[in-house]
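Student: Here is a sequence together with a model predicted from it:
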Amino acid sequence: MRQEPAPLTRHLRVRQERGHTVLEFRGEIDLAAATEIAPHLDRETNRRAARVVIDLSRIEFFDCSGLRLLYRARSRVLDREGQLLLVCAHPLTLRVLRITGLSRLLPPQPTLDAALEQPEAASGPV
């Protein structure tokens, strides 16, 4: 059952989906947006064994500030023995993920449904 996203900021919606917390990034993810998103991201990734999905399907722009958010989320979730999944199909963002090597650590899935069907080890090695 899908729950309507809660509007935390203009760049972030959070909802529960199939036992995962879905953090849906929206719009332009730059330094200002990352500053808005970070406290909410930290709260959701601070729980032991958290199951988190970061969904980038509604972004329009994604810079190094967004990459820092992804690296930070991944580190925090794995340190607490959780799972982090990524949804991204935007060609330019996928290219940045590949160039930086993040796509090897956090393999992007094209849709939320595809991400939620991934096995527990999908967050990649520490």
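Tutor: That came through, no problem. None of these values were measured; they are calculated from a predicted model.

Student: How about the contacts made by residue 77?
Tutor: Contact partners of residue 77, counting by CB atoms under 8 Å, 6 or more residues apart in numbering, are 45, 50, 52, 83-84, 123. For the C-beta atoms, the positions are set from N, CA and C on the backbone; glycine is no exception.

Student: any idea which element it lies in?
Tutor: helix 64-79 (DSSP states H and E).

Student: avg pLDDT for the helix or strand following that helix?
Tutor: Next helix or strand after helix 64-79 toward the C-terminus (DSSP H and E): strand 83-87. Per-residue pLDDT values over strand 83-87 give a mean of 97.

Student: can you give me the angle strand 83-87 makes with helix 64-79?
Tutor: Orientation check (axes from the mean of the first three to the mean of the last three CA atoms, to 10 degrees): strand 83-87 against helix 64-79 gives 150 degrees.

Student: what's in contact with the lengthiest strand in the chain?
Tutor: The longest strand of the chain (DSSP state E) is strand 51-62. For strand 51-62, contacts defined as CB under 8 Å, 6+ apart pick out 17, 19-30, 44-45, 66, 69-70, 73, 77, 82-90, 92-93, 96, 108, 111-112, 115-116.

Student: Would you check how far apart the closest residue to residue 83 other than its chain neighbours and residue 99 are?
Tutor: Distance criterion CB to CB, 6 or more residues apart in numbering; nearest residue to residue 83, sequence neighbours excluded, is residue 51 at 4.9 Å. For residue 51, the distance to residue 99 equals 28 Å [CB to CB, to the nearest Å].
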